[in-house]
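In: Quick one, structure for this:
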Amino acid sequence: MQVKTRVQLSLMMFLEFFIWGAWFVTMGTHLGTNLNSTGGEVGTAYMTQAWGAIVAPFVIGLIADRYFAAQKLLGVLHLLGAGLLYLLGNAADFTTFYPYVLAYMLIYMPTLALVNSVAFNQMKDPSKQFASIRFWGTVGWILQGVLIGYVLLWESKDMLKMTFTLAAVASAFLGLYSFTLPNTPPPAKGQKANFREIVGADALGILKDRNYLVFFISSVLICIPLAFYYSFANPFLNEVGMENAAGNMSFGQISEAVFLLLLPIFLKRFGLKTTILIGMLAWVVRYSLFAFGDAGSNIWMLFLGIILHGICYDFFFVSGQIFTDYKAGEKIRSAAQGLITLATYGVGMLIGFKIAGVIVDNYTLADGLHTWKDIWIVPSGIAGLVLIFFLLAFKNEKIVIDN
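Out: Numbers count the residues shown, from 1 in each chain. Down below sits the predicted model:
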C-alpha cells in the first residue's frame, strides 16, 4: 500500500471514531445534568445506536453496494450528520433532542461499514493490513476523551453541549474529506437486491451447530450488561465525584488496544472457551468494582473497572468474531458476521439499553441522585448468570489462529 493511501485511510478511521466518541461517551451525563432527563430517557437515547445497527445492513445492502461509490455516500452521510450534531447541541429538552439523535444514528451506523469498505478496497491482504489502519480509529476515540476530559475540561464547566459542536465540526471535515478518498465503486452494481443476503439470513444455518448457538445466545445476553456501561458509566463517574471522567474513560480504549494484541496469545494458549469465560468474568468484576468503589480512598476500584474494558470487549466480542469466521467458512463469512452484528449491536443492545434505563430509574432518589451500588449489582449479576450458562453449555473446541 502506498504511503499516501495509508495516511488517507488512517485519517479516515481516526475521524470516524473521534466523531462518535466525542459526544456518545458523555451523552448520558449531558441528558441528566443539562436536560433533566430520566434514566429511562437516557436509555431510550442510547437505544438509537441499536436501531441504527438494525437499519445499517439495509442501507449498505440496498444502496451502497448497488448504486453509489462508498466514499461518496460516506461523505454525504457525514455532511448530513454534521447538521444533526449541531442541532443536538442546541436541543433544549429531551423531546427535541430525541428525533435528532435517532436520525443521526440511523445515518451514522452505516458509515462504520462504509469506512471498512473503503479501507478493504485498497488492501491486497486485509488480514495483515487492516489492523494497523483500524488502530487509528481507537486513537481517535482515545484522543477525544483526553481532549474533553483533560484539556477542555467541559465536564467540570457544564459545557457538555459543546461536545456535539466539536463532533459536528469533525463530521463536516470528514464529509468533505471523504470525496478525496480512493474510489470504491459499488461491488454489486446492476445486481438484484437479495433480502436474505442483506439481513444475513443465509447464515442462519450456522445456528444448527450447538456450540455456536450457545455462543450466539450468550452474545445477545451479554449485551445487556454492556449497555449499562455505554449509557451510564460516565454519568456515574461524574456523580460520584471523579474528576475528568471522560478523559479517564479513555484508559478503557487504551486497554482495548493492548489486549487486542494479547488476544491471539490467550486463544492459542488457553483455548476459545477459557478466553471467552475470562472476558465474561471481567464483566462481573468490573461492575462489582463500580458498585463498591468511590472517588475517595477506593478510586483505584473505579480505575480498575475502566481498565478492564479491554478484557471485557476483546476477549468476548473479538474472540466471537474470530469464532464466527471460523464456523462460517468462506461461503457465508460476510453473512455470518452481519448476523452476529445485527443480533448483538442491534437486538441485544436494544434490550440492554431499555433494561438499563428502567433499573437506573428504579434506583433514582428524590434529589436526582442514585444508589449506584444497587444499580451496578444488576449488570454484574446478569453477566454472572451468562457466564454460568456458557460454562455449562459450551463445549471447548480448538480453533486455528493465523499468525
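
In: Which residue is the nearest non-sequential neighbour of residue 83?
Out: Of all residues not flanking residue 83 in the chain, residue 168 sits nearest, at 7.5 Å (C-beta to C-beta, 6 or more residues apart in numbering). C-beta: built from backbone N, CA, C; applies to glycine.

In: And that neighbour, how far from residue 57?
Out: 26 Å (C-beta to C-beta, to the nearest Å).

In: buried set for the helix or strand that contains the residue nearest to residue 83?
Out: Assigned by DSSP states H and E, residue 168 falls within helix 162-178. For helix 162-178, burial by neighbour count (16 or more other C-beta atoms under 10 Å) applies to 162-168, 170-175, 177-178.

In: Closest to residue 151 out of those?
Out: Within the buried residues of helix 162-178, distances to residue 151 taken as C-beta to C-beta reach their minimum at residue 166, with 11.3 Å.

In: What ranges does the stretch 1-150 of the chain have for its helices?
Out: 3-24, 27-34, 39-59, 70-89, 94-120, 126-146 (DSSP state H, counting those that start in this stretch).

In: Using TSV, please lay out the ones you listed together with distance to residue 255 and mean pLDDT.
Out: Formatted as TSV, those follow (distance: least, C-beta to C-beta, whole Å; pLDDT from 0 to 100):
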stretch	distance to residue 255	mean pLDDT
helix 3-24	15	96
helix 27-34	21	95
helix 39-59	21	91
helix 70-89	28	96
helix 94-120	21	93
helix 126-146	10	87
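
In: Would you mind giving those as a markdown table with mean neighbour count added?
Out: Formatted as a markdown table, the helices of the stretch 1-150 of the chain follow (neighbours: other C-beta atoms under 10 Å):
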| stretch | mean neighbour count |
| --- | --- |
| helix 3-24 | 21 |
| helix 27-34 | 23 |
| helix 39-59 | 22 |
| helix 70-89 | 22 |
| helix 94-120 | 21 |
| helix 126-146 | 19 |
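
In: And those helices: which comes nearest residue 384?
Out: Nearest of the helices of the stretch 1-150 of the chain to residue 384, taken as C-beta to C-beta: helix 39-59 at 21.6 Å.

In: Just list what that closest one packs against, helices and strands only.
Out: On a contact count with 3 or more C-beta pairs under 8 Å, 6 or more residues apart in numbering; DSSP states H and E, helix 39-59 meets helix 27-34, helix 94-120, helix 210-239, helix 349-362.

In: go again using 10 Å as the cut-off
Out: In terms of contacts (3 or more C-beta pairs under 10 Å, 6 or more residues apart in numbering; DSSP states H and E), helix 39-59 is packed against helix 3-24, helix 27-34, helix 70-89, helix 94-120, helix 195-198, helix 210-239, helix 333-341, helix 349-362.

In: Among those helices, which comes closest to residue 145?
Out: Comparing the helices and strands packed on helix 39-59 by C-beta to C-beta, helix 3-24 comes nearest, at 6.5 Å.

In: Which residues lie in contact with the residue nearest to residue 83 in this structure?
Out: Applying C-beta atoms under 10 Å, 6 or more residues apart in numbering, we find residue 168 in contact with 19, 22-23, 81-89.

In: ok, so of those, who is nearest residue 385?
Out: Using C-beta to C-beta, these come closest to residue 385 at residue 23, 32.6 Å.

In: related to what we said a few turns ago, need the helices of the stretch 1-150 of the chain in CSV with distance to residue 324, can you?
Out: Shown next, in CSV, are the helices of the stretch 1-150 of the chain (distance: least, C-beta to C-beta, whole Å):
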stretch, distance to residue 324
helix 3-24, 22
helix 27-34, 30
helix 39-59, 15
helix 70-89, 23
helix 94-120, 16
helix 126-146, 15
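
In: Nearest to residue 290 among the ones you listed would be which one?
Out: Proximity to residue 290 (C-beta to C-beta) singles out helix 27-34 among the helices of the stretch 1-150 of the chain, at 14.3 Å.

In: nearest residue to residue 117 other than its sequence neighbours?
Out: Nearest residue to residue 117 in three dimensions, chain neighbours excluded: residue 70, at 4.4 Å (C-beta to C-beta, 6+ apart).

In: Was I right to think that neighbour contacts residue 112?
Out: No - using C-beta atoms under 10 Å as the test, residue 70 is too far from residue 112 to be in contact (11.9 Å).

In: Show me whatever sits in contact with both of the two.
Out: residue 60.

In: So the protein: which segments form each domain?
Out: According to automatic domain parsing, the chain comprises the domains 1-193, 200-403.

In: Please tell me how far the shortest one is from the chain's geometric centre.
Out: So that's domain 1-193. Averaged C-alpha coordinates place domain 1-193 at 11 Å from its chain's average position (C-alpha atoms, centre = their mean, to the nearest Å).

In: Repeat that for the longest one.
Out: On the basis of C-alpha atoms, centre = their mean, the separation between the geometric centre of domain 200-403 and that of its chain is 11 Å.

In: residues touching the nearest residue to residue 178 once chain neighbours are set aside, list them.
Out: Once flanking residues are discounted, residue 178 sits nearest to residue 75: 3.4 Å by C-beta to C-beta, 6+ apart. Residue 75 makes contacts with 69, 111, 114, 174-181, as judged by C-beta under 10 Å, 6+ apart.

In: In the protein, where is pLDDT below threshold?
Out: Across the chain, residues meeting the criterion (pLDDT under 70) sit at 61-62, 65, 127, 188, 190-202, 330, 333-334, 399-403.
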